[in-house]
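Peer 1: prediction below, plus the sequence it came from.
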Amino acid sequence: MYVRYGRIADVVATIELRCRTVALSGPRWLNEDDEMDRMNEAEPARPRTKKYLVRREAIIQAAIGLLNRKGLRGMTLADVADCFDLAPTAVAYHFRTKESLAVECYLRSIESYREFVAEAAKEPSPRAALTSLLRGYFALLRAAESGEIPDIARFDDVRALNDPTVAEAYVELYRAIRALLPSPGPSLDDRATLNARTHFLVNQLMAVRFWIGVYAPDDYERVCEQVLATLLNGLDASARPWTPTRMLVPELTGASPPDMREMFLRVATALINIEGYRGASVEKICAALEVTRGAFYHHIDAKDDLVELCLRRSLGVEERAQRQAMAMPGDGRKRLVDVVMRLVDNQMVGEAPLIRNGSAQVPDAIRLLIENEYLRNCLRYAGMVGEGVADGSLRAVDNYIGARMVDATVRGASELAQWLRPPIAPHVWEDMAHPLFTGLAPKTA
């Protein structure tokens, strides 16, 4: 069976190629220099009375809360209507579909980000620009959490929406953040490195939304300074050569060669990361593996179980890598570099793709269990960070915040290929993990 279906890397590459060339993936994220097609469909004209505008704004704010809590798949117009004790048709009067409502939510939030990014662009150096960027970002989060401004949408389902207008706005935001970083050089290879470092930064910003809720708004400023110090200077306590361990461990993913169920979950994970839950249809999964729908349902009871199974598989892969690294000799820094690069490398070749943050897409009944498993893995990273701080190989940082940044780096690798032109050199994945340890703008640079 392993010989017949080949390495998962070939399957994932096929999926990504199809997403580049076929309309299945909607906006062309994979080459951010391509010009996006604009959506020509417009909402029908409505009377713009004061009452209409007030109700429309209230609907958008309710939808943002539902998007953040349930994800695009879980939000419905009926859910939004329930927030006001209205019939769904009352919401449909303002937005015909939940997708058109989500478009407005995301565009509104992207505009909020543009404001502090534009302020950061006025600074005279990359280090000052990153400082302004982080402080502006956390000030925005604090204001939203304190109720001083309306809430802002998380962007974890932007790609699943498949809307060209939102995609273009998001890509433009990415470019604006990329302009804040120092350019490593003029060549195409240098540009790939810069994109990898930008992806690292953007991914860290977006990941904050998943864990900042454990802190009170009055603590956001302290958290900001901790995150900022790591982004600027890295976790490494001293300037040393960047020579990460490059070991691909077959047993990392469990069964080797993988059984059919594992193959289904790997392909489903890759599709969910590229196209969202709705894009990971049973038909696409079966087509990628050249099997029948019956084979899928023989191994997986229902499509609705897919996200939960992919999440649990990803958490298991991460835990095995952590335990293998913790058993290795060396200081805390070496063990942490090893687990990061081991997981990043395995995602690069497609053998152990990890699902990006997707707990909003699982049913409420099991969301707490999934989030608790996320937390256990995160606390394991925190222990590794603490060991490195204790032995002097890592800078003195907040162990929990450092662990969250490690986890964001590992999971962000699953989306890196979406921002790069093929073929992608192996060192580019290193370039994304490198700043976690050496910083994006250290004082010695």
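Peer 2: Looks like it arrived, so ask away. Residues are numbered from 1 along each chain as shown.
Peer 1: pull the CA atoms of stretch 130-141 into CSV?
Peer 2: Only the C-alpha atoms of stretch 130-141 are listed here, as CSV (Å, rounded to 0.1, in the frame of the first residue of the first chain):
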residue,chain,number,x,y,z
LEU,A,130,9.0,46.4,14.6
THR,A,131,8.8,48.0,18.1
SER,A,132,6.1,50.4,16.8
LEU,A,133,4.3,47.5,15.0
LEU,A,134,4.1,45.3,18.1
ARG,A,135,3.1,48.1,20.5
GLY,A,136,0.4,49.3,18.0
TYR,A,137,-0.9,45.8,17.6
PHE,A,138,-1.2,45.0,21.3
ALA,A,139,-2.8,48.4,21.9
LEU,A,140,-5.4,47.5,19.3
LEU,A,141,-6.0,44.1,21.0
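Peer 1: show me where the stretch 51-200 of the chain has helices.
Peer 2: Under the criterion DSSP state H, counting those that start in this stretch, helices of the stretch 51-200 of the chain are mapped to 77-82, 88-92, 98-120, 126-145, 158-161, 164-178, 188-211.
Peer 1: using CSV, please lay out these together with mean pLDDT.
Peer 2: As requested, the helices of the stretch 51-200 of the chain are arranged in CSV below (pLDDT from 0 to 100):
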stretch, mean pLDDT
helix 77-82, 93
helix 88-92, 90
helix 98-120, 95
helix 126-145, 97
helix 158-161, 83
helix 164-178, 95
helix 188-211, 90
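Peer 1: show me what the helix or strand hosting residue 411 is packed against.
Peer 2: Residue 411 is part of helix 399-412, with elements assigned from DSSP states H and E. Applying 3 or more CB pairs under 8 Å, 6 or more residues apart in numbering; DSSP states H and E, one finds that helix 399-412 makes contact with helix 188-211, helix 220-233, helix 332-348, helix 364-391, helix 427-438. All C-beta spots, glycine's among them, are computed from the backbone N, C-alpha and C.
Peer 1: any low-confidence regions in the protein?
Peer 2: Low-confidence segments of the chain (pLDDT under 70): 1-47, 185-188, 245-257, 278-279, 357-363, 444-445.
Peer 1: thinking again about what came up before, could you dump the helices of the stretch 51-200 of the chain into JSON lines with distance to residue 315 and mean neighbour count added?
Peer 2: Output for the helices of the stretch 51-200 of the chain, formatted as JSON lines (distance: least, CB to CB, whole Å; neighbours: other CB atoms under 10 Å):
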{"stretch": "helix 77-82", "distance to residue 315": "28", "mean neighbour count": "19"}
{"stretch": "helix 88-92", "distance to residue 315": "36", "mean neighbour count": "16"}
{"stretch": "helix 98-120", "distance to residue 315": "28", "mean neighbour count": "19"}
{"stretch": "helix 126-145", "distance to residue 315": "26", "mean neighbour count": "19"}
{"stretch": "helix 158-161", "distance to residue 315": "21", "mean neighbour count": "24"}
{"stretch": "helix 164-178", "distance to residue 315": "27", "mean neighbour count": "19"}
{"stretch": "helix 188-211", "distance to residue 315": "14", "mean neighbour count": "19"}
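Peer 1: Serialize those to TSV and add fields for distance to residue 287.
Peer 2: Listed next are those as TSV, based on distance: least, CB to CB, whole Å:
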stretch	distance to residue 287
helix 77-82	31
helix 88-92	34
helix 98-120	25
helix 126-145	40
helix 158-161	19
helix 164-178	24
helix 188-211	29
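Peer 1: if we can go back for a sec, please put the alpha-carbon coordinates of the helix holding residue 411 into PDB.
Peer 2: What follows is helix 399-412, C-alpha atoms only, in PDB (Å, rounded to 0.1, in the frame of the first residue of the first chain):
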ATOM      1  CA  ASN A 399       8.400  30.500  29.700                       C
ATOM      2  CA  TYR A 400       4.700  30.400  28.700                       C
ATOM      3  CA  ILE A 401       5.000  33.200  26.100                       C
ATOM      4  CA  GLY A 402       8.200  31.700  24.700                       C
ATOM      5  CA  ALA A 403       6.400  28.400  24.400                       C
ATOM      6  CA  ARG A 404       3.500  30.000  22.500                       C
ATOM      7  CA  MET A 405       5.900  31.500  20.100                       C
ATOM      8  CA  VAL A 406       7.600  28.200  19.600                       C
ATOM      9  CA  ASP A 407       4.300  26.500  18.800                       C
ATOM     10  CA  ALA A 408       3.300  29.300  16.400                       C
ATOM     11  CA  THR A 409       6.600  28.800  14.500                       C
ATOM     12  CA  VAL A 410       6.100  25.100  14.200                       C
ATOM     13  CA  ARG A 411       2.500  25.400  13.000                       C
ATOM     14  CA  GLY A 412       3.200  28.300  10.700                       C
END
